[in-house]
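Q: Fold the stuff below for me.
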Amino acid sequence: ERALALKPGHSRALEAIGLARAELAAYAARTGDDPVPHAEVAIARYDAAVAVDPRPARILDERGLMYALLARQALLTGADPAAPAIRARADYEEAMRLDSGYAPALHHRGFLALTGAAAGDGGARLGLEQAAADFAEALRLAPRLFPARIGRALACRALADAIEAVAFAGHKQPIREAVR
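A: Model (predicted):
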């Protein structure tokens, strides 16, 4: 905050404050505290950083993570997660538009799709396929991105379970069509 007092609108300082608040939000979520106040401050700082320098994919990706955290928190509290999930997805997609090789945004979008599928939103099966595709592309771009490996395994397992469930139900149509 002192850096901002000395040089208001400094994008690196705004990003650093956003990152610190994001860490506090993640810690609060892990310990059972309310992460929302920290996430909202992080988002505000990321908004300010993007207003100063709208190009860094990294800032958009980090802001997307905070919106995803708000969506997850909404799910946990029984609120509607749609608005923050849509914002998270938009940030990930803008980050990828700005830097097509930015694998973290792909893997974060994959986890968002996987979370949406797990929450049972209307496009659960499509979400699983999107998640698997995002993780595969993230791994193509960054083969050592271990969280993407875990996400791809989870998405593929969930897809296999969905296909098995359709087969078990005795559907006569092709599995791919039945799962969609």
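Q: I'd like the next helix or strand past the helix or strand harbouring residue 25.
A: If you go by DSSP states H and E, residue 25 is part of helix 11-31. Per DSSP H and E, the first helix or strand lying C-terminal to helix 11-31 is helix 36-52.
Q: Are there helices or strands packed against that next one, and which ones?
A: In terms of contacts (3 or more C-beta pairs under 8 Å, 6 or more residues apart in numbering; DSSP states H and E), helix 36-52 is packed against helix 11-31, helix 57-77. Every C-beta, even on glycine, is put in place using the N, C-alpha and C of the backbone.
Q: List the buried residues in the first one.
A: For helix 11-31, burial by neighbour count (16 or more other C-beta atoms under 10 Å) applies to 11, 13-15, 17-19, 21-22, 24-26, 28-29.
Q: Go through those residues and say which is closest to residue 150.
A: The closest of the buried residues of helix 11-31 to residue 150 turns out to be residue 26 (C-beta to C-beta; 17.1 Å).
Q: quick check: longest helix of the chain.
A: helix 146-168 (DSSP state H).
Q: buried sites along it?
A: 148, 151-152, 154-155, 158-159, 162, 166.
Q: Now for residue 101: which residues touch it?
A: residue 141 (C-beta atoms under 8 Å, 6 or more residues apart in numbering).
Q: before we move on, what SS does it have?
A: Assigned with DSSP: H, G, I helix; E, B strand; the rest coil, residue 101 falls in the coil class.
Q: and if you look at the one 3 residues further on?
A: Using three-state DSSP, the secondary structure recorded for residue 104 is helix.
Q: Please verify my assumption that it contacts residue 62.
A: No: taking contacts as C-beta atoms under 8 Å, residue 104 lies outside contact range of residue 62: 9.1 Å.
Q: What's the local residue count around residue 76?
A: By the criterion of other C-beta atoms under 10 Å, residue 76 has 10 neighbours.
Q: what's the spacing between it and residue 36?
A: According to C-beta to C-beta, to the nearest Å, residue 76 and residue 36 sit 11 Å apart.
Q: Any stretches of this structure with poor pLDDT?
A: Per-residue confidence for the chain (pLDDT under 70) gives these ranges: 1-9, 117-126, 163-180.
Q: if we go to 50?
A: 174-176, 178-180 (pLDDT under 50).
Q: which residues does the nearest residue to residue 49 once chain neighbours are set aside contact?
A: Closest residue to residue 49 apart from its sequence neighbours, by C-beta to C-beta, 6 or more residues apart in numbering: residue 14 at 3.8 Å. Going by C-beta under 8 Å, 6+ apart, residue 14 touches 4, 45-46, 48-49, 52.
Q: Buried among these? Need that as a selection in ChimeraX.
A: Buried subset of the contacts of residue 14, written as a ChimeraX selection, criterion 16+ other C-beta under 10 Å:
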select :45,46,48,49,52
